[in-house]
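**Student:** Curious how this folds, go ahead:
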Amino acid sequence: MKISAKEAAMLLCAHDRILILSHKNPDGDTLGSAYGLLRALRSLGKTVRTQCTDRLPQMFSYLADGVQQEDFTPEFVVAVDVASVSLLGDAVTEAYPNVDLCIDHHHTNELYAQKTYLYDGASACEAVYEVICEMGVSITPDLADCLYTGMATDTGCFRFSNTTPKTMRLAADLMEQGARYAELNRLLFETKSKERIAVERMVLDTISYAADGKIALICISQEMVKESGADESELGGISGIPRTIEGVEIGITMREKEAGGYKISVRTAAYADASKLCAAFGGGGHIRAAGCVINAPYEQAKTMLLEEAARFL
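**Tutor:** Numbers count the residues shown, from 1 in each chain. Purely as a prediction, here's the structure:
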């Protein structure tokens, strides 16, 4: 059942022991949403903690500064930036099979929660911001950092086509309320480890083109990750590399899974729908950015992807 931001705020205010869930392989939006909502609810005297199948990536560690995670049995479970139950991870879904409220911005949301506030905008942090405002919470600098993180990362530092005038206005509000935007922008978009650079170097050697250069595909193998010594959290953003190449309309990244097969990320230009392309393989996401999984050998998976992608040109 879909509800409004005000109704979501009323639900949160009506409960005291609240668990906030992020999706596996967490990014800046799901983490910024979770820690932002946690800080807002704690300011109202609520008992709150966050949980994620995977650990907090080092680059987002500042989101948890000063946050002590108290163990308790929740009476209300919230998922943020999670379009499908499968994205929570098996351990989390087994422990918490029922989600009371979902705050999300993906049009492919499966409406698995009892109540869903589905926001039409660039990031889940924008949705969380609206809910927090409905709760009457004052925005502190730490809270502003959390929400700015999600807005900035999901829009590529406000460069992607999903950036709206409202996104810019909300980000400006957060800047005025103390968000360390210059410091965060440098950390999130201009800083890479030596291990990450090593992975990029190897990935660039895998580039292949199709459709007269309108489609570009890269692959990240398990061997590359092992050889570089890169942490999982350092691989974010690599999927955007193919679309930075001149003339490329559809960029595809194949990431080899430990158990075999490939996790696919698709990034597209103005007219190609990434979510529809990935839907052909059981996936989904946004119009410009989506993903899926293909359990097939490399060459077979690559051929399937390139043939399907060509249909969108």
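**Student:** When you work out contacts or count neighbours from here on, use the C-alpha atoms and nothing else.
**Tutor:** OK.
**Student:** State the next helix or strand along the chain beyond whichever helix or strand Val203 is part of.
**Tutor:** Using DSSP states H and E, Val203 falls within helix 194-204. Downstream of helix 194-204, the first helix or strand assigned by DSSP H and E is strand 208-210.
**Student:** can you list contacts of that following strand?
**Tutor:** Under the contact criterion CA atoms under 8 Å, 6 or more residues apart in numbering, strand 208-210 has outside partners Ile215, Ala216, Leu217, Ile218, Leu306.
**Student:** Tell me the strands beside that strand, with direction?
**Tutor:** Strand 208-210 pairs in its sheet with strand 215-220 (antiparallel), by DSSP bridges.
**Student:** so after the strand it pairs with, what's the next helix or strand?
**Tutor:** Note on strand 215-220: by DSSP H and E, the next helix or strand toward the C-terminus is helix 222-228.
**Student:** quick one, whatever helix or strand comes next after that following helix and strand 215-220 angle?
**Tutor:** Going down the chain from helix 222-228, the next helix or strand is strand 250-256, by DSSP H and E. Relative orientation of strand 250-256 versus strand 215-220 (axes from the mean of the first three to the mean of the last three CA atoms, to 10 degrees): 20 degrees.
**Student:** and strand 250-256 with helix 194-204, angle?
**Tutor:** Relative orientation of strand 250-256 versus helix 194-204 (the same axes, to 10 degrees): 110 degrees.
**Student:** Give the pairing partners of the helix or strand following strand 250-256; include direction for each.
**Tutor:** Scanning forward in sequence from strand 250-256 by DSSP H and E, the next helix or strand is strand 262-268. Strands flanking strand 262-268 in the sheet, each with its direction: strand 250-256 (antiparallel), strand 289-294 (antiparallel) (DSSP bridges).
**Student:** Using PDB, list the CA coordinates for the shortest one.
**Tutor:** Taking only C-alpha atoms (Å, rounded to 0.1, in the frame of the first residue of the first chain), the coordinates of strand 289-294 have been written out as PDB:
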ATOM      1  CA  ALA A 289      20.900   3.000 -14.500                       C
ATOM      2  CA  ALA A 290      19.800  -0.600 -13.900                       C
ATOM      3  CA  GLY A 291      21.100  -4.100 -13.200                       C
ATOM      4  CA  CYS A 292      20.500  -7.800 -13.400                       C
ATOM      5  CA  VAL A 293      22.300 -11.100 -13.000                       C
ATOM      6  CA  ILE A 294      23.200 -13.600 -15.800                       C
END
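**Student:** related to what we said a few turns ago, can you flag the weakest of the strands paired with strand 262-268 by average pLDDT?
**Tutor:** Lowest mean pLDDT within those: strand 289-294, at a mean of 91.
**Student:** Give me the contacts around that strand.
**Tutor:** 261-268, 274-275, 278-279, 281-285, 301.
**Student:** before we move on, back to that, against which helices or strands is the helix holding Val203 packed?
**Tutor:** The helices and strands touching helix 194-204, judged by 3 or more CA pairs under 8 Å, 6 or more residues apart in numbering; DSSP states H and E, are strand 215-220, helix 222-228.
**Student:** Highest mean neighbour count out of those?
**Tutor:** strand 215-220 (a mean of 24; mean count of other CA atoms under 10 Å).
**Student:** what's the spacing between that strand and its chain's center?
**Tutor:** 20 Å (CA atoms, centre = their mean, to the nearest Å).
**Student:** Check stretch 150-168 too.
**Tutor:** Worked out by CA atoms, centre = their mean, stretch 150-168 lies 13 Å from the chain centre.
**Student:** Could you pull out the buried residues of it?
**Tutor:** By neighbour count on 16 or more other CA atoms under 10 Å, the buried set for stretch 150-168 is Gly150, Met151, Ala152, Thr153, Asp154, Thr155, Gly156, Cys157, Phe158, Asn162, Thr163, Thr167.
**Student:** which two of those lie the greatest distance from each other?
**Tutor:** Comparing all pairs in these by CA to CA, the longest separation belongs to Gly150 and Asn162, at 13.0 Å.
**Student:** Once you drop chain neighbours, what's closest to Leu88?
**Tutor:** Nearest residue to Leu88, sequence neighbours excluded (CA to CA, 6 or more residues apart in numbering): His23, at 4.7 Å.
**Student:** Could you give the number of residues near the one you found?
**Tutor:** By the measure other CA atoms under 10 Å, the count of residues near His23 is 25.
**Student:** now do Met10
**Tutor:** Met10 has 14 neighbouring residues, counting by other CA under 10 Å.
**Student:** and it, what is it in contact with?
**Tutor:** Met135.
**Student:** Give me the secondary structure label for it.
**Tutor:** Applying DSSP: H, G, I helix; E, B strand; the rest coil to Met10 yields a three-state assignment of helix.
**Student:** just to revisit the earlier point, any idea which of the helices and strands packed on helix 194-204 scores lowest on pLDDT?
**Tutor:** helix 222-228 (a mean of 92).
**Student:** centre of the chain versus that one, how much separation?
**Tutor:** Helix 222-228 has its average C-alpha position 23 Å from the chain's average C-alpha position, going by CA atoms, centre = their mean.
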